[in-house]
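Undergrad: how would this look folded up:
(one chain, ligands or ions: 1)
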Amino acid sequence: MTTKQIVLDSRPKGMPTLANFRFEDYELPDLQAGKVLLKGFYYSVDPYMRGRMSDAKSYVPPLQVGKPIEGSVIARVIESKTDSFTKNDLVMGMLPWSREFIAEGKGLQKIDSLDKHVSYHLGILGMTGLTAYFGLLDIGQPKSAETVVVSGAAGAVGMVVGQIAKIKGCHVIGIAGSEEKIKLLKEEFGFDGAINYKQAVDIKAAIAELCPDGVDIYFDNVGGEISDAVIANINKGARIIICGQISSYNDNKAATGIRPQSALLRKSALMQGFLVSNYISRFPEGVLQLSEWLSAGKLNYRETIIKGFERLPDAFISLFEGGNTGKMLVEIE
Ligand code: NAP
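TA: Numbers count the residues shown, from 1 in each chain. I've put the predicted structure just below:
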């Protein structure tokens with residue numbers, strides 16, 4: 001069987017472009033014992049994948065030039081030579097950007113194919129939801145009436161962070177990059193206020209205005225000048241959760257800016273980075289709680305679903321242009 005895959009053609013320098021990706025036809029080998037033949041259904045595009053496209057050493061090994069891009073994928077079993085899966089099962093795993101592919105049965109997680117919202121396992125009930133849940137609750141330790149600011153607020157992680165903070169009784173302010181996103185956060189996601197960082201003349205003053213009691217928790221998805229502006233408004237004992245730094249992922253040299261140490265010192269504040277994988281042993285707890293909140297209507301959710309395998313590189317690049325609201329996915333019919 002011949003299929004199509006997307007390989008890393010070259011490592012991006014700065015912002016990724018379509019030229020960094022190449023579509024290739026490829027012949028699938030015969031299916032061996034212990035393996036499954038899969039057809040991709042939902043492909044997750046995530047900002048961390050930009051890091052894997054460079055050859056710098058990190059917490060996940062770099063992608064190889066000439067080899068398929070890989071990421072989180074939900075796929076349907078076409079044929080199985082394992083005892084664990086049968087035809088038409090849905091599975092999730094770290095899998096290649098290929099229309100069809102053969103995978104080891106061992107690394108795959110089965111998903112209930114009757115689930116109404118299969119794609120949620122790549123978002124709110126998967127990596128991004130759990131990132132919001134553990135980052136905010138474990139490091140942030142929000143208390144009722146505290147003020148929480150979240151950047152990247154209309155993205156997959158950010159919109160869940162803001163809503164969990166509301167469940168915990170906090171005053172919540174989001175920062176995002178368009179008027180539509182600002183309206184959505186306030187009107188559909190229950191944020192108390194939101195700032196369009198692309199239009200604000202003075203982000204620090206805008207935060208001060210919307211956070212009259214100062215900032216107790218900052219959930220940082222973006223870094224850069226937005227974070228400088230939030231940190232300038234922190235309270236004594238503030239917690240700053242470093243989840244992501246997307247504003248610098250395409251930088252060719254290390255960014256310089258306001259150094260936060262003096263503010264942390266003066267305010268006896270905590271700044272802590274984390275990886276969601278630190279919490280792997282507690283994922284079932286997080287999924288259970290997020291599912292309960294979703295079913296009870298306490299969490300709202302959005303996805304941006306792009307259709308068509310050939311749109312995968314576009315969808316990925318568009319993360320760096322704010323093209324998504326909520327979790328960005330690509331669906332293949
Ligand atoms: P996302 O927020 O759904 O998508 C990325 C968003 O970032 C875009 O929609 C865009 O929204 C914003 N953005 C892009 N470039 C920006 C810039 N230069 N300055 C400010 N905002 C920019 O992505 P996500 O999956 O939820 O991830 C959010 C962050 O969490 C990322 O930094 C990611 O790397 C990190 N993360 C960390 C972990 C962990 O384990 N620590 C796990 C998952 C994700 P606007 O329209 O608002 O600009």
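Undergrad: all helices for the stretch 101-250 of the chain, in order.
TA: Remark: helices assigned in the stretch 101-250 of the chain by DSSP state H, counting those that start in this stretch are 127-134, 156-167, 179-187, 203-210, 224-231.
Undergrad: okay, the angle between the longest one and helix 179-187?
TA: Orientation of helix 156-167 against helix 179-187 (axes from the mean of the first three to the mean of the last three Cα atoms, to 10 degrees) gives an angle of 30 degrees.
Undergrad: repeat for the last one
TA: Taking the same axes, to 10 degrees, one finds that helix 224-231 is oriented at 30 degrees with respect to helix 179-187.
Undergrad: can you redo the helices of the stretch 101-250 of the chain as TSV with mean pLDDT?
TA: Shown next, in TSV, are those (pLDDT from 0 to 100):
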stretch	mean pLDDT
helix 127-134	98
helix 156-167	98
helix 179-187	98
helix 203-210	98
helix 224-231	98
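Undergrad: count the residues that sit near residue 19.
TA: 10 (other Cβ atoms under 10 Å). Any C-beta I mention is one placed from the backbone N, CA and C, and that applies to glycine too.
Undergrad: could you do residue 15 as well?
TA: 13.
Undergrad: again with residue 12
TA: Number of residues near residue 12 (other Cβ under 10 Å) recorded here: 17.
Undergrad: next up, phi/psi of it, please.
TA: Phi and psi for residue 12, reported as degrees, to the nearest 10, are phi -60, psi 140.
Undergrad: so who does it touch?
TA: 20, 50, 53-54, 250 (Cβ atoms under 8 Å, 6 or more residues apart in numbering).
Undergrad: how about residue 144?
TA: Neighbouring residues of residue 144 by Cβ under 8 Å, 6+ apart: 168-170.
Undergrad: with mean neighbour count added, can I get the helices of the stretch 101-250 of the chain in a markdown table?
TA: What follows is those, written out as a markdown table (neighbours: other Cβ atoms under 10 Å):
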| stretch | mean neighbour count |
| --- | --- |
| helix 127-134 | 25 |
| helix 156-167 | 27 |
| helix 179-187 | 18 |
| helix 203-210 | 18 |
| helix 224-231 | 21 |
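Undergrad: turn these into CSV, columns for distance to residue 286.
TA: Below are the helices of the stretch 101-250 of the chain laid out as CSV (distance: least, Cβ to Cβ, whole Å):
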stretch, distance to residue 286
helix 127-134, 5
helix 156-167, 11
helix 179-187, 23
helix 203-210, 29
helix 224-231, 25
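Undergrad: nearest residue to the middle of the chain?
TA: Residue closest to the average C-alpha location in the chain (Cα atoms, centre = their mean): residue 128, at 4.6 Å.
Undergrad: low-confidence ranges in the stretch 51-200 of the chain?
TA: Within the stretch 51-200 of the chain, no stretch has pLDDT under 70.
Undergrad: just to revisit the earlier point, what separates the nearest residue to the residue nearest to the centre of the chain once chain neighbours are set aside from the ligand, distance-wise?
TA: Using Cβ to Cβ, 6 or more residues apart in numbering and skipping residues adjacent in sequence, the residue nearest residue 128 is residue 156, 3.8 Å away. With distances taken as Cβ to the nearest ligand atom, to the nearest Å, residue 156 is found 3 Å from the ligand.
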